[in-house]
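Colleague: okay, here's the prediction I keep looking at, along with the sequence it came from:
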Amino acid sequence: MSKNDCYVDDGESYRGNVSETDEGDECLYWNSHFILINNGIQIPKSSSFMQMFFHIVYDRNPDGDVMPWCFFRRGRKLLWDHCDVTEAAILQVWEV
């Protein structure tokens, strides 16, 4: 397992290559026309969001949710779900 296969804390800094939800749905690109035309979904419009996420498909956590997530399409519905990515184990080192 590489460092890109898991996330730490809420996954806001996650930059791995997972692009599938927990349920196995394929994530949409963040600049997908289907996301952009859906008025019911608000995505962050900050320049840092656009630079980091706009042209990628991989799972991210741009809004501070509990873990990385992505949008996916089911028929004509735009949905989102958490990603199939594991939280990193935190190892504590004790001095003796």
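Modeller: Nice, I can see it.

Colleague: how many residues are close by Y7?
Modeller: Look at Y7: counted by other C-beta atoms under 10 Å, it has 24 neighbours. C-beta coordinates here come from the backbone N, C-alpha and C atoms, glycine included.

Colleague: what does it show for phi and psi?
Modeller: With angles defined as degrees, to the nearest 10, Y7 sits at phi -130, psi 160.

Colleague: list the contacts of it.
Modeller: Neighbouring residues of Y7 by C-beta atoms under 8 Å, 6 or more residues apart in numbering: S13, Y14, G16, N61, M67, P68, V85, T86, E87, A88.

Colleague: which of those count as buried?
Modeller: By neighbour count, with 16 or more other C-beta atoms under 10 Å, the contacts of Y7 hold Y14, G16, N61, M67, P68, V85 as buried.

Colleague: D5 contacts Y14, doesn't it?
Modeller: No: judged on C-beta atoms under 8 Å, D5 makes no contact with Y14 at a distance of 10.1 Å.

Colleague: so which strand or helix has the nearest residue to N38 once chain neighbours are set aside?
Modeller: Distance criterion C-beta to C-beta, 6 or more residues apart in numbering; nearest residue to N38, sequence neighbours excluded, is L78 at 4.6 Å. Here L78 sits within strand 77-82, counting by DSSP states H and E.

Colleague: out of the helices and strands in the chain, which is least certain?
Modeller: When each helix and strand of the chain is scored by mean pLDDT, DSSP states H and E, helix 47-53 comes last, with a mean of 53.

Colleague: residues in contact with whatever helix or strand comes next after that one: which ones?
Modeller: Per DSSP H and E, helix 47-53 leads on to strand 69-74 as the next helix or strand towards the C-terminus. The contact list for strand 69-74 (C-beta under 8 Å, 6+ apart) reads 19, 21, 25-28, 30, 32, 34-35, 41, 57-61, 78-83.

Colleague: now, of those, which are buried?
Modeller: Neighbour-count burial (16+ other C-beta under 10 Å) is assigned, among the contacts of strand 69-74, to 19, 21, 25, 27-28, 30, 32, 35, 57-61, 78, 80-83.
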